[in-house]
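Peer 1: no sequence for this one, just the structure:
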């Protein structure tokens, strides 16, 4: 069994690693720039 200190330190380390994980993952996948009209399919069909 781990000591109380080790358990606490590991909990804190895990929380730090997990913090903002969903937000960071979505930023990596989607980026922060919104889609411009030139990139939207409906704009391409209209012209």
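Peer 2: On my side now, so go ahead. Quick caveat: nothing in here was measured; it's all calculated off a predicted structure. Numbering: from 1, shown residues only.

Peer 1: can you show me the strands along this protein?
Peer 2: Counting by DSSP state E, no segments of the chain form strands.

Peer 1: show me the shaky parts of it.
Peer 2: Low-confidence segments of the chain (pLDDT under 70): 39-47.

Peer 1: packing partners of the lengthiest helix in the chain?
Peer 2: Under DSSP state H, the helix in the chain containing the largest number of residues is helix 4-18. The helices and strands touching helix 4-18, judged by 3 or more CB pairs under 8 Å, 6 or more residues apart in numbering; DSSP states H and E, number zero. Quick note: C-beta positions are derived from backbone N, CA and C, even for glycine.

Peer 1: who touches that helix?
Peer 2: Contacts with helix 4-18, where a contact means CB atoms under 8 Å, 6 or more residues apart in numbering, come from residue 2.

Peer 1: now it, how far from the centre of its chain.
Peer 2: 21 Å (CA atoms, centre = their mean, to the nearest Å).

Peer 1: can you pull the buried residues of it?
Peer 2: When burial is assessed from 16 or more other CB atoms under 10 Å, helix 4-18 yields no buried residues.

Peer 1: need the residue closest to the centroid of the chain.
Peer 2: Nearest to the centroid of the C-alpha atoms of the chain, with distances taken as CA atoms, centre = their mean, sits residue 24, at 2.1 Å.

Peer 1: check the gap between that residue and residue 5 for me.
Peer 2: 29 Å (CB to CB, to the nearest Å).

Peer 1: circling back to that earlier point, mind checking how far the residue nearest to the centre of the chain is from residue 7?
Peer 2: The value you get for residue 24 to residue 7, if CB to CB is used, is 26 Å.
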